[in-house]
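give me a 3D structure for the following:
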Amino acid sequence: MRENNKIKVLMVAVPLIIAFFSVFVVSGIASSVEFHADSIAALDEKQTTVLELTAASTAASAAITLLPGDTATPIAEKLADLSSGFLVVLCAIYLEKYLLTLTGFAAFNFLIPISCVLYAANVFLKRDGIRTLAKKLLIFGIAIVLVIPVSVRVSNLIEDTYQASIEATIENAKETTGEVENSTEELTGESEKGFLEGLISKITDGISNVASGISEKVGDMINSFIEALAVLLVTSCVIPILVMLLFVWLVKVTFSVSLPVSYTGAVKGVKGAFHREGKEDSQS
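Below is the predicted model:
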């Protein structure tokens, strides 16, 4: 009896001690910025890249709209549409940065301590449902703490492969924007000079030739922007969702809960009901 009582005391005391350390020690560490310094630094670097891409696409769109005629207008509108995609990526990055500290706070202040208290209480209650709930809360708490750091690590592996391409896209956009601005100034000056001298036909041919050359460069720039946006959407939006779904799937597979009524008992109950109904019909 004494040994059994000691075991019960340990089974109650150990979870309560873990809950105490979870709330008063681990929670402060897991929700601190210093603990997630590496992940936050990676997200800040990604944020800087997104802002540079957004600025480059906006500047290119504004420069293209200055070209004479309506030839480059669809290209400028396409570049403006890309800015909304970069805004989605930027919002996802900010959300990940906030969740890094919030998930640690929620897990070690609420989920894990509640799980430990339920496990300690179940030493006396001995309910399978309480034990299963305690395990689920524990696994879910650990999962939400790990999901953002794991997704950031996976994203970094992909971004390292395309980082050179993204930097080249930014540099190419700046160069193309400069060429467009210079060409616009030249075309505007020629237009004014031609208007004064009456050489309209020659100037129109010059404008069309320059605009066609610029359109080819801008087309290549748009393709690079779309590729960079696709990479950022995958690393910032798709991968965190996939990692979360993976953790949820692992929790469901590991801790699946069966229905409280067994299959054989349900079948016997249905047979008994039909048997009673048959007797009532025969008596009537």
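
show me where pLDDT drops low in the chain?
1, 67-72, 183-216, 251, 254-284 (pLDDT under 70).

okay, helices next: where are they in it?
Taking DSSP state H, the helices of the chain run over residues 2-21, 27-30, 37-64, 73-106, 112-125, 128-197, 200-233, 239-254, 263-283.

rebuild the ones you listed as TSV, extending it with mean neighbour count.
For glycine as for every other residue, the C-beta is placed from the backbone atoms N, C-alpha and C. Formatted as TSV, the helices of the chain follow (neighbours: other C-beta atoms under 10 Å):
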stretch	mean neighbour count
helix 2-21	13
helix 27-30	16
helix 37-64	19
helix 73-106	17
helix 112-125	19
helix 128-197	16
helix 200-233	16
helix 239-254	14
helix 263-283	9
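
ok, the residue nearest the centre of the chain - contacts?
The residue lying closest to the centre of the chain (C-alpha atoms, centre = their mean) is Cys237, at 3.2 Å. Contacts for Cys237 (C-beta atoms under 8 Å, 6 or more residues apart in numbering) come out as Val88, Val89, Ala92.

could you pull up the contacting residues of the first one?
Applying C-beta under 8 Å, 6+ apart to Val88 gives the contacts Leu233, Cys237.

roughly how far does it sit from Leu157?
22 Å (C-beta to C-beta, to the nearest Å).

do the last one as well
Taking C-beta to C-beta as the measure, Ala92 falls 18 Å from Leu157.

off-centre distance for stretch 30-41?
17 Å (C-alpha atoms, centre = their mean, to the nearest Å).

actually, stretch 38-54.
Put simply, stretch 38-54 sits 14 Å off its chain's centre (C-alpha atoms, centre = their mean).

what's it in contact with?
Outside of stretch 38-54, the residues that reach it under the criterion C-beta under 8 Å, 6+ apart are 33, 83, 86-87, 89-90, 93-94, 96-97, 100, 148-149, 152, 155-156, 159, 166, 169-170, 173, 225, 228-229, 232, 235-236.
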